[in-house]
Every structure is written in structure tokens, then in C-alpha cells.
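> got a predicted structure plus its sequence, pasted below:
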Amino acid sequence: MLIEENASLRRLNTFGIDATARYFARFETAQQLEEILSTQKTSYPLPLTSTLILGGGSNILFTKNFNGLLLKNEITGIVNVGEDNEYVYLRVGGGVNWHQFVLYCIDKGLAGVENLSLIPGCCGASPIQNIGAYGVEIKDLFHELEAFHLEEKTILRFNTNDCAFGYRESVFKNKFKGQFAILSVTYKLRKQPVFHTSYGAIQQELEKAGVTELSIKAISDAVIRIRQSKLPDPAVVGNAGSFFKNPTVSGEKFPELKSKYPNIPGYPQPDGTTKLAAGWLIEQCGWKGFREGDAGVHPLQALVLVNYGNAQGEQIFQLSSRILQSVQEKFGVELEREVNLV
Ligand code: FAD
Ligand code: EPU
């Protein structure tokens with residue numbers, strides 16, 4: 001197993017941050033992962049807390065060089081592990097590219113993932129923040145996952161309840177943060193589609209494309225077009241998608257804000273709170289299109305922080321702190337970062 005020292009991470013994170021990892025290795029099986037961790041015990045006296053699993057690097061900001069062992073999950077494979085009347089169950093290696101998996105499902109006529117087209121990253125990371133877009137979240141098609149406990153070196157299974165999914169949340173971002181490597185995820189795909197077209201501009205996009213007969217392919221294509229028109233392509237300009245989560249405010253706070261800012265978007269939640277659009281709040285604070293050096297706020301989507309080339313992770317982080325502070329001062333609303341900071 002090749003363990004690189006002081007490996008460059010520039011091509012391994014979509015922000016394009018030029019950081020390094022003290023040690024870096026790739027694993028294609030659970031056994032290889034175990035071997036690397038055993039080598040680490042004898043040859044590299046790092047504390048286990050400094051082991052980090054990497055997928056596609058599309059939701060991570062390296063604020064400094066990583067002084068630990070970074071392990072890239074490259075477990076491949078999509079296996080049909082069973083079916084019932086409603087679903088086909090596919091077990092997918094943690095290193096499989098998410099969008100390739102979406103395309104695979106669409107090709108096989110399996111439904112449920114189409115609204116989640118073109119989200120960057122790997123399947124192994126999909127449960128970590130319960131990826132979501134256009135009215136669907138991974139929890140809606142999640143069946144179970146297998147995860148390797150980095151310290152105990154055992155493999156555990158997690159079902160939906162065990163994962164404690166929330167909006168951009170799971171047990172792996174909280175209680176079990178940094179403790180597991182997700183080896184595979186089993187998704188349940190519908191044999192008969194249930195279309196979700198009410199969210200955002202999907203319906204409008206379908207009409208524009210002249211779609212008369214709804215299909216999972218038509219929805220996927222519509223979502224892809226919307227995303228391409230709104231979000232910067234990391235291959236062109238470094239970014240990690242939404243930098244912050246959309247915040248929620250109490251049932252009392254929202255009317256207050258609405259009377260002061262009549263155009264403020266608000267989405268009522270089942271628990272009585274209202275979700276706000278962080279992009280709108282940030283734009284109102286004047287940040288949209290802001291640039292200082294190579295760190296900036298995207299000119300078309302204020303929720304996306306960008307690296308125009310040679311920004312350092314720390315610069316992006318400092319910018320995010322200034323944005324947090326100004327949103328707090330203007331609206332009395334606290335933003336929370338979505339991106340994982342290292
Ligand atoms: P990484 O960035 O590599 O890792 C993210 C975190 O998960 C890190 O803490 C890492 O340690 C951990 N991790 C990764 N893999 C494993 C594993 N196998 N086991 C244990 N821990 C692991 N997200 C959405 O939810 N919805 C969107 O619409 C969306 N749009 C995006 C658009 C763009 C342009 C970009 C750049 C990002 C977007 N994202 C979106 C964020 C990102 O794509 C997702 O969070 C994705 O799941 C990250 O996957 P990854 O493999 O790149 O994870
Ligand atoms: N808006 C502005 N100014 C901006 C950006 C947005 O006023 O600069 C307003 C829009 O006009 C709209 C509202 O904010 O009224 C919501 O914007 P949009 O539909 O673009 O979605 P978002 O809330 O910015 C969320 C997710 C995305 C996901 C899309 C589609 C979060 C943090 N972000 O973005 O996820 O793809 O909805 O479902 O929930 C990600 O997590 O990385 C991500 C890209």
C-alpha cells in the first residue's frame with residue numbers, strides 16, 4: 001500500500017485549495033483500509049483523531065495543511081442485493097461517483113434519485129449530510145449502510161433510524177463525527193416512479209423543454225439544466241456548493257422580519273418554524289459578487305463562496321466569518337456553515 005508523505009490536495013478538493021496531507025493513501029476494500037490503519041500504528045505514530053476519510057472533496061475546506069492520515073475511499077461496485085414489489089435494493093461502493101450512480105439508475109429505469117442529479121461527490125458521503133436538492137433527500141431512498149469503525153476495526157450496519165438524518169445532518173456529522181469510514185450504502189430504488197416536480201423551477205424547465213410525458217430522465221435532465229444555470233462548475237471555479245445551511249427562525253421571528261423586509265423569502269416548516277434563504281440574506285448584506293484576492297462570493301449565487309485560483313483555505317474561512325457576522329448584525333439570524341472545515 002502506497003502511503004504518500006506531504007501529498008498535495010489541490011486536485012482532491014473542489015475548492016482547489018493548495019493544502020497538503022502529512023500522510024495520504026487510497027483504499028479500494030475494507031481490508032486495505034484495515035491494513036493501512038495497522039501500518040499507521042507501527043510506522044506513523046499519529047493519534048487516531050487525525051485520521052480523516054475523503055470522498056470527492058466537494059464539501060470540505062482545508063483551512064490549513066492536514067497534519068494527519070487522509071484516506072481516500074475508492075471502493076467501487078454497484079450490486080443488486082434484492083427486490084420486493086416496490087423496490088430494487090442496490091449496494092453501492094462508497095467511492096462510486098454519485099452522479100454516475102444517478103445515471104446508472106436512470107438507465108435501468110430505477111426511480112428516486114432523479115431530483116438529486118449532478119450533485120458532486122461520492123456515494124459514501126451521501127449519508128453524511130443527507131444530501132438534498134429539489135425536494136428530495138437521501139433519507140428518502142436510503143436503506144442501510146456499512147461502516148468501518150476506525151478505532152475498533154469492526155464493521156457495523158446502520159439503518160435509517162441509526163443515521164438520525166436531518167436537514168444536511170446525520171449522526172456522522174455529530175455523535176460519530178470522524179469515527180467511521182462508510183464502506184457502502186444500500187439504496188432502495190422505486191420500480192414505479194413517484195415524480196416530484198413541484199420544487200423550484202422544475203415544472204417551468206420541463207415546459208420549456210417541451211416535455212409532454214413525464215419520465216425520470218426528463219426530470220433528471222431538467223434538474224441538470226437548472227443546476228448548470230445556477231451553480232458554478234468546480235472545474236471552472238473552485239467551490240463547495242452552498243457554504244452555509246439555510247437557517248430556520250421561530251414562528252414569531254419571521255413576521256418581524258417580513259414586516260421590515262417584505263420581499264424576504266420564507267418557507268414554513270412542519271414544526272412551525274420558517275426556513276429562510278441564506279443566499280437572499282447574504283445578497284442583502286451586499287456580499288454577492290464580492291472579491292478580495294482570489295476569495296469571493298459567487299456573482300450569481302451568494303450562498304456559494306469561491307476560489308478564483310490561489311485563495312488559501314484560511315482566506316475563504318475568514319470571508320465566511322465576515323459574512324456570518326454581517327447577517328447576524330443586519331437580520332439577527334445566525335448562519336451555520338454547511339461545509340466541513342479541516
Ligand atoms: P467530501 O467532501 O470528500 O467529504 C465531506 C465530509 O464527509 C468530510 O467530513 C469527510 O471526512 C466525510 N466523508 C466523505 N466520505 C466519507 C466516507 N466514505 N466515510 C466517512 N466519512 C466520509 N450537497 C447537497 O446536499 N445538495 C446539493 O445540491 C449540493 N450541490 C453542490 C453543488 C456543488 C457545485 C458542489 C461543489 C457541492 C454541492 N453539494 C451539495 C455538496 C457536496 O456535493 C455533498 O456534500 C457531497 O455529498 C460531498 O461528497 P464528497 O464525496 O465530495 O465528500
Ligand atoms: N437567492 C437570492 N440570492 C442569491 C441566491 C439565492 O436571493 O444570491 C434566493 C433565490 O432567489 C430563492 C432562494 O434564495 O428565492 C433559494 O435559492 P435557490 O433555489 O438557488 O436554493 P438555495 O436555497 O440557495 C438550496 C440548497 C442547494 C440545493 C438547492 C436546490 C442549501 C444550503 N442549499 O440552495 O444545495 O441544490 O436548494 O434544492 O440547502 C448544497 O447543499 O451545497 C446545495 C447546493
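Here it is on my side, so go on. Ligands and ions are numbered 1, 2, ... in the order given.

> when you work out contacts or count neighbours from here on, use the C-alpha atoms and nothing else.
Fine.

> and the protein, which residues reach ligand 2?
The chain comes close to ligand 2 at residues 133-134, 241-242, 244-246, 265, 277, 279-280, 283, 300-303, as judged by C-alpha under 6 Å from any ligand atom.

> among those residues, which are in reach of ligand 1?
The subset of the residues of the chain next to ligand 2 lying close to ligand 1, counting by C-alpha under 6 Å from any ligand atom, consists of 133, 241.

> mark which of the residues of the chain next to ligand 2 are buried, thanks.
Among these, those buried by neighbour count (16 or more other C-alpha atoms under 10 Å) are 133-134, 241-242, 244-246, 277, 279-280, 283, 301-303.

> show me the residues you listed that map onto strands.
Residues of these located in strands (DSSP state E): 133, 241-242.

> for stretch 257-267, give the mean pLDDT please.
For stretch 257-267, the mean pLDDT works out to 96.

> residues of it that come out buried?
Of the residues in stretch 257-267, 257, 266 count as buried by neighbour count, 16+ other C-alpha under 10 Å.

> off-centre distance for that stretch?
Between the mean C-alpha point of stretch 257-267 and the mean C-alpha point of its chain there is a distance of 28 Å (C-alpha atoms, centre = their mean, to the nearest Å).

> ok, stretch 175-192 next?
Distance, stretch centre to chain centre, for stretch 175-192: 13 Å (C-alpha atoms, centre = their mean).

> just the CA trace of that stretch, in CSV.
Output of stretch 175-192 as CSV, limited to C-alpha atoms (Å, rounded to 0.1, in the frame of the first residue of the first chain):
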residue,chain,number,x,y,z
LYS,A,175,-22.1,12.0,17.7
PHE,A,176,-20.0,9.8,15.4
LYS,A,177,-18.0,12.5,13.7
GLY,A,178,-14.7,11.2,12.4
GLN,A,179,-15.2,7.7,13.9
PHE,A,180,-16.3,5.7,10.8
ALA,A,181,-15.4,5.1,7.2
ILE,A,182,-18.6,4.5,5.2
LEU,A,183,-17.8,1.5,3.0
SER,A,184,-21.0,1.1,1.1
VAL,A,185,-24.6,2.4,1.0
THR,A,186,-27.6,0.4,0.1
TYR,A,187,-30.3,2.5,-1.6
LYS,A,188,-33.9,1.4,-2.4
LEU,A,189,-34.9,2.5,-5.8
ARG,A,190,-38.6,2.5,-6.9
LYS,A,191,-39.7,0.2,-9.7
GLN,A,192,-42.6,2.7,-10.4
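
> which residue ranges of the stretch 51-200 of the chain form helices?
Listed in chain order, the helices of the stretch 51-200 of the chain (DSSP state H, counting those that start in this stretch) span 98-108, 160-163.

> report all helices and strands that the last one contacts.
Right, helix 160-163. Contacts defined by 3 or more C-alpha pairs under 8 Å, 6 or more residues apart in numbering; DSSP states H and E place helix 160-163 against strand 142-149.

> what's the average pLDDT for the strand it packs on?
Along strand 142-149, the predicted local confidence has a mean pLDDT of 98.

> what do you get for stretch 283-296?
pLDDT averaged over stretch 283-296 gives 98.

> buried set for it?
Buried residues in stretch 283-296, defined by neighbour count with 16+ other C-alpha under 10 Å: 283-284, 287-288, 290-291, 295-296.

> is it possible to export those residues to a markdown table including distance to residue 34 and secondary structure?
Written out in a markdown table, the entries for those read as follows (distance: C-alpha to C-alpha, whole Å; DSSP: H, G, I helix; E, B strand; the rest coil):
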| residue | distance to residue 34 | secondary structure |
| --- | --- | --- |
| 283 | 46 | helix |
| 284 | 49 | helix |
| 287 | 45 | coil |
| 288 | 45 | coil |
| 290 | 45 | coil |
| 291 | 44 | strand |
| 295 | 38 | strand |
| 296 | 40 | strand |
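
> pull the most distant pair out of those residues.
Considering C-alpha to C-alpha, no two members of the buried residues of stretch 283-296 lie farther apart than 284 and 295, which are separated by 19.2 Å.

> how about the helix or strand bottoming out on mean pLDDT in the chain and ligand 1, touching?
When the helices and strands of the chain are scored by mean pLDDT, DSSP states H and E, helix 30-43 comes last with a mean of 84. No - using C-alpha under 6 Å from any ligand atom, helix 30-43 stays clear of ligand 1, coming no nearer than 11.0 Å.

> so which elements touch that helix?
With contacts defined as 3+ C-alpha pairs under 8 Å, 6+ apart, helix 30-43 has no packing partner among the helices and strands.

> give me the contact list for it.
By C-alpha atoms under 8 Å, 6 or more residues apart in numbering, the list of residues contacting helix 30-43 from outside reads 1, 25, 27, 46, 148, 150, 153, 183.

> nearest to ligand 2, of those residues?
Nearest to ligand 2 among those is residue 183, at 22.3 Å by C-alpha to the nearest ligand atom.

> and the closest one, what is it in contact with?
The neighbourhood of residue 183, defined by C-alpha under 8 Å, 6+ apart, consists of 29-30, 73, 75, 93-94, 124, 145-148.

> change it to 10 Å
28-30, 33, 73-76, 92-95, 123-125, 145-148, 155-156 (C-alpha atoms under 10 Å, 6 or more residues apart in numbering).
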